[in-house]
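> below: sequence and its predicted model.
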Amino acid sequence: MKITNVRLGRISVPLRTPFKTALRSVSSAEDVIVEIHTDCGAVGYGEAPPTGAITGDTTGAILGAIQDHIAKTILGRDVDEFEPLLQSVQKCIVGNSSAKAAVDMALWDLYGQLYKLPVYKLLGGGRKQIVTDITISVNDPDTMAADARKAVARGYDCLKMKVGVNPELDVARLAAVRDAVGKDIVIRIDANQAWTPKQAVKLLNRMQEQGLDIELVEQPVAAHDFAGLKYVTERSYVPVLADEAVFSPENAMTILQMGAADLINIKLMKCGGIYNALKIASAAQVFGVECMIGCMLEAKISVNAAVHLACAKNIITRVDLDGPVLCSEDPILGGAVFDEKHITVSDAPGLGIRGIDPAYLTYLS
């Protein structure tokens, strides 16, 4: 199975409601699609969202990295030389983690097709179904409470609340949500780097003292501030999840060795794909630190790849893979089934993607 062509495209999928965080606000998923074609007719699919505010990867950067560097590295090579291929993707260009992730997952897709196994089985997985939270965008307290009630009515029992825009409102936001949904719903929060370390400790401890019962806080401080992250972890009543701080296995090891976070968030778009995500999961397992599997604002192809990883690794105990259910439509044929909070992995070979509705896809090469 030799690689003969790397074809790129773009999809645009509208969201149910605008997605608002401390860093950005968007109304649709606008992602780059990767198709890796082979001489036997098999096609591997990948996807990368432009999330410049977090990864630094814009649409143009993703396309350029793949066209000018990654594609040239893999064209003409046999899928069966699998690890050297994956290593070449990581080494051929500095940074560009989202572009690498899209190609990495497409290669895993092909490898699974070659050996007629779903990727989660290749990775040793036994779980068939996982349960995700759903994200509630940052807004005024009444709007967030109303959005939380709607999510609970749809069957969600774990809500991830975006906070950090006007931090003085954050306690009021969460108090309104807790009052709206009751005590049995799990609430986790994501500050997207919005707070200073001292501010984070003050806010988090006030939340717990008021009985808001927050499960965890995701990336309360700036991504590069490992010392600040450790400061919050040591002083907060709320467990701390490192997210934007973890762009590589090396980042994960530093945080684990420092004891700078209670949990690690694995996102394929930050670490460059499944190849590096496996290293992060293994390191976390050595340190006995549980992981969350997360996603950016992504459509189903890339989130589907994360589902396969989550179904394979027991160290991943929390799931934040709600990208497809935030979309108002699903143009992807095949792959995992997203039934609100329940996600069921596909047993089809590879990642199980059969194609993309052409009404949503514009080819660029």
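Nice, I can see it. Residues are numbered from 1 along each chain as shown.
> mind listing what's buried in the longest strand along the chain?
Counting by DSSP state E, the longest strand found in the chain is strand 3-20. For strand 3-20, the neighbour count (16 or more other C-beta atoms under 10 Å) marks Ile3, Val6, Leu8, Gly9, Arg10, Ile11, Val13, Leu15, Phe19, Lys20 as buried. The C-beta positions use only the backbone N, C-alpha and C, and glycine is treated the same way.
> cool, and stretch 193-205?
Gln193, Ala194, Trp195, Thr196, Pro197, Gln199, Ala200, Val201, Lys202, Leu203, Leu204.
> average model confidence for stretch 79-90?
Across stretch 79-90, the average pLDDT comes to 98.
> buried stuff in that stretch?
Neighbour-count burial for stretch 79-90, counted by 16+ other C-beta under 10 Å, picks out Val79, Phe82, Leu85, Leu86, Ser88, Val89, Gln90.
> so the second one sits right up against Leu110, yeah?
No - the pair formed by Phe82 and Leu110 falls short of the contact definition of C-beta atoms under 8 Å, at 9.0 Å.
> give me the distance from stretch 349-357 to the chain's centre.
Relative to the mean C-alpha coordinate of its chain, stretch 349-357 is positioned 19 Å out (C-alpha atoms, centre = their mean, to the nearest Å).
> tell me the buried residues in that stretch?
Of all the residues in stretch 349-357, those buried under the rule 16+ other C-beta under 10 Å are Pro349, Gly350, Leu351, Gly352, Ile353, Ile356.
> picking that back up, what is the most widely separated pair among the buried residues of stretch 193-205?
Across these, no pair lies farther apart than Gln193 and Lys202, at 16.6 Å, counting by C-beta to C-beta.
> before we move on, back to that, partners of the helix or strand just after the longest strand of the chain, with directions?
Using DSSP states H and E, the next helix or strand after strand 3-20 towards the C-terminus is strand 25-38. Sheet pairing of strand 25-38 (DSSP bridges) gives strand 3-20 (antiparallel), strand 43-48 (antiparallel).
> Serialize those to CSV and add fields for distance to Asp262 and mean pLDDT.
Shown next, in CSV, are the strands paired with strand 25-38 (distance: least, C-beta to C-beta, whole Å; pLDDT from 0 to 100):
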stretch, distance to Asp262, mean pLDDT
strand 3-20, 26, 89
strand 43-48, 29, 98
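> where do the strands sit along the stretch 201-350 of the chain?
Applying DSSP state E, counting those that start in this stretch to the stretch 201-350 of the chain gives strands spanning 214-218, 240-242, 263-267, 291-294, 316-320, 332-334, 337-339, 342-344.
> so what's the gap between the second one and the chain middle?
It refers to strand 240-242. Chain-centre distance of strand 240-242: 14 Å, with C-alpha atoms, centre = their mean.
> what's the answer for the fifth one, then?
Distance of strand 316-320 from the chain centroid (C-alpha atoms, centre = their mean) equals 10 Å.
> equivalent analysis for the fourth one, please.
Averaged C-alpha coordinates place strand 291-294 at 7 Å from its chain's average position (C-alpha atoms, centre = their mean).
> quick one: contacts of it?
Here strand 291-294 makes contact (C-beta atoms under 8 Å, 6 or more residues apart in numbering) with 218, 241, 243, 263-267, 280-281, 284, 306, 309-310, 313, 315-321.
> what does the last one give?
Among residues not part of strand 342-344, those counted as contacts by C-beta under 8 Å, 6+ apart are Lys128, Gln129, Ile130, Val131, Thr132, Val307, Val319, Leu321, Ala336, Val337.
> you'd agree Ala65 is in a helix?
Yes - Ala65 forms part of a helix when assessed by DSSP: H, G, I helix; E, B strand; the rest coil.
> how much space separates it from Val32?
Using C-beta to C-beta, to the nearest Å, one gets 10 Å for the distance from Ala65 to Val32.
> mutual contacts of these two, please.
Shared contacts of Ala65 and Val32 (C-beta under 8 Å, 6+ apart): Ala99.
> where does pLDDT dip in the chain?
22-24 (pLDDT under 70).
> for the spatially closest residue to Tyr237 that is not a sequence neighbour, what are its contacts?
Distance criterion C-beta to C-beta, 6 or more residues apart in numbering; nearest residue to Tyr237, sequence neighbours excluded, is Gln208 at 4.0 Å. By C-beta under 8 Å, 6+ apart, the contact list for Gln208 reads Ile214, Tyr237, Val238.
> that concludes my questions; thank you for your assistance.
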